[in-house]
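Engineer: Quick one, what's the 3D model for this:
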Amino acid sequence: MAVVFGQTDTTVFYPEGSVTGKYVYQAFVHGVYDGDTVTLTIQRVDTTDLGFRHRRIIIDQYAHQKFRLYGIDAPELRYRRPHQATQAQLDSISALKQRGFAARNRLRQLILNKWVTLQSIKDSKGKYGRYLANIYAPFDGRLIYVNNWLVAQGLAAHAEY
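Structural biologist: Okay, the predicted model is just below:
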């Protein structure tokens, strides 16, 4: 398992096939909303050996599920404009939005319309209707731990929640 819960893991690359465990799935990325929210279709393959050289293979798909990347926080794309905002506040909001769009665009380049490895954290949705997950994307025969890659690129920050 790549992530030890309760500790900050800063590793970005893992050998291909090294992410294993009970809650690890293959998923197809349909959408990237912002720098820490994605929409995936999860594919679960269950193979049962029935004996006599026969296997039962069941493929389940859970379409268009929203996930928040676990342990990170990327700038938002939308901010409320404060009533009677000063120019400095407006400039700060503008800068945050630009960083949010940069994070979203880089994440789209890396994983949009591609198969990734998903490690879910909880089996229930959070308060915004998203599951928590670690995402690993194939890159040059290795896996990029996308959550930490965004932090290493300066596009997100580690967060505890």
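Engineer: contacts, neighbours, all on C-alpha from now
Structural biologist: Noted.
Engineer: all helices of the protein, in order?
Structural biologist: Here the chain has its helices, by DSSP state H, at 87-111, 146-152.
Engineer: among those helices, which is nearest residue 68?
Structural biologist: When the helices of the chain are compared by C-alpha to C-alpha, helix 146-152 sits nearest residue 68, at 9.9 Å.
Engineer: Next, the buried residues of the closest one.
Structural biologist: Neighbour counts over helix 146-152 (16 or more other C-alpha atoms under 10 Å) mark 146-151 as buried.
Engineer: Tell me which of the helices of the chain is the most buried.
Structural biologist: Of all the helices of the chain, helix 146-152 has the most neighbours on average by mean count of other C-alpha atoms under 10 Å, namely a mean of 21.
Engineer: Quick one: list the elements packing against it.
Structural biologist: strand 72-73, strand 131-139, strand 157-158 (3 or more C-alpha pairs under 8 Å, 6 or more residues apart in numbering; DSSP states H and E).
Engineer: Give me the residues contacting the longest one.
Structural biologist: Spelled out, it's strand 131-139. Defining contact as C-alpha atoms under 8 Å, 6 or more residues apart in numbering, one finds that strand 131-139 is touched by 16, 66-70, 110-111, 115-126, 143-147.
Engineer: Just the buried ones from those?
Structural biologist: Applying 16+ other C-alpha under 10 Å to those flags 66-70, 111, 115-120, 143-147 as buried.
Engineer: For the helices of the chain, give me a markdown table that also has distance to residue 30 and mean pLDDT.
Structural biologist: A markdown table is the format used below for the helices of the chain (distance: least, C-alpha to C-alpha, whole Å; pLDDT from 0 to 100):
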| stretch | distance to residue 30 | mean pLDDT |
| --- | --- | --- |
| helix 87-111 | 9 | 82 |
| helix 146-152 | 16 | 93 |
